[in-house]
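Student: fold the following.
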Amino acid sequence: MTQTEFGKRIGVDSMTVSRWERGTVKPGTAAVAALNRMLCLSAALRTTWTR
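Tutor: From the prediction side, this is the model:
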C-alpha cells in the first residue's frame, strides 16, 4: 500500500503519512483513532502504540 492509499483510508495526505514515518511529527488524536480503527488494534496495543 502506498502512502497515498494509506492516507486516503484514514483521511490525511501522503505528506502527512511520510512525516509520521520519518518521525518528524506525531499523529493527532483524530488520526490515532482512525489508525486504530483501520489497523484493528486491541486496547492493549493502542496504549503501547501511542506512547
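
Student: in stretch 12-29, which residues are buried?
Tutor: Within stretch 12-29, the residues that count as buried by 16 or more other Cβ atoms under 10 Å are 12, 16, 17, 20, 27. C-betas here are computed from N, CA, C, even on glycine.

Student: separation between the closest residue to residue 25 other than its chain neighbours and residue 26?
Tutor: Beyond its immediate neighbours in the sequence, the residue positioned closest to residue 25 (Cβ to Cβ, 6 or more residues apart in numbering) is residue 19, lying 4.5 Å away. Taken as Cβ to Cβ, to the nearest Å, the spacing of residue 19 relative to residue 26 amounts to 9 Å.

Student: quick one on the thing from earlier: so which helix or strand takes in the residue nearest to residue 25?
Tutor: Using DSSP states H and E, residue 19 sits within helix 14-22.
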